[in-house]
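> coords please:
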Amino acid sequence: MAQLKRKTIEPDPLYNNLLVTKFVNYIMQRGQKQTARKIVYSAFEIIKKKTKKDPIEIFEKAIQNVSPMLEVRSKRIGGAKYQVPVEVPKERRVALAMRWIIESISGSKGKTAEKLANELMEAANNAGKSIKKKDNVHKMAEANKAFAHFAW
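Down below sits the predicted model:
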C-alpha cells in the first residue's frame, strides 16, 4: 500500500506561522485567499487591541483548548452498531478545532473578523461555542466508554 504524500504549505507572510496558514485555508471560500487573510489578520488586530497580548499566542491557546482528545466512531459488530470512543490523532485534532471555531462563528450576525476575534479569545479562556462542542464530543465518548473494548 502506497503512502500518501502530504502537500506542503508555506507559512503565512505576516506571522510566519504554519497554523495561521492552515486556518486561512479553512476560512477561505471559492479560492478567495486574500479575503480570508484579511478576515484572519483583522481578527488578530482586534485581539491585540483588546487583550494587549500576542494574537498568535491566543490563537494557539484557543486551538489547543478546542482540540478534542477523544471522539466516538461507529463500529458494526454482530449486526449492531456501537459508538466506540477512540483517541483523536494530532492532525485531526487541529483540523477539528479549526472547523469547530469557524462553525461557531458562522451562525451569528455581525462582522466576521469581530466574531472570529471574540470566539478565539473565548476559546483561549475555555469558553464559547467551540468549547461547548468539544465538551459534547467528550461527553459522548465518556458515555460510551463501556464499548471501548471494541476499539482495535
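> Which residues does the top helix by length along the chain contact?
Longest helix of the chain, by residue count under DSSP state H: helix 33-51. Residues from elsewhere that reach helix 33-51 (Cβ atoms under 8 Å, 6 or more residues apart in numbering): 12, 14-15, 20, 23-25, 27-29, 53-56, 58-59, 112-114, 116-117, 120-121. C-beta coordinates here come from the backbone N, C-alpha and C atoms, glycine included.
> Next: stretch 109-122.
Contact partners of stretch 109-122, identified using Cβ under 8 Å, 6+ apart, comprise 27, 38-40, 42-44, 46-47, 50-51, 58-59, 62, 101, 104-105, 108, 128-131.
> that older thread, so for the next helix or strand after the longest helix of the chain, what gets flagged as buried?
Proceeding N to C from helix 33-51, the next assigned helix or strand is helix 55-66, under DSSP states H and E. Neighbour-count burial for helix 55-66 flags 55-56, 58-59, 61-63, 65-66 (criterion: 16 or more other Cβ atoms under 10 Å).
> For the most centrally placed residue in the chain, which non-adjacent residue is closest in space?
The centre of the chain sits closest to Ala97, judged by Cα atoms, centre = their mean, with a distance of 1.5 Å. What sits nearest to Ala97 in space, not counting adjacent residues and going by Cβ to Cβ, 6 or more residues apart in numbering, is Val66, at 4.0 Å.
> what sits against the one you found?
Contact partners of Val66, counting by Cβ under 8 Å, 6+ apart, are 96-97, 100-101, 123, 130-131, 133-134.
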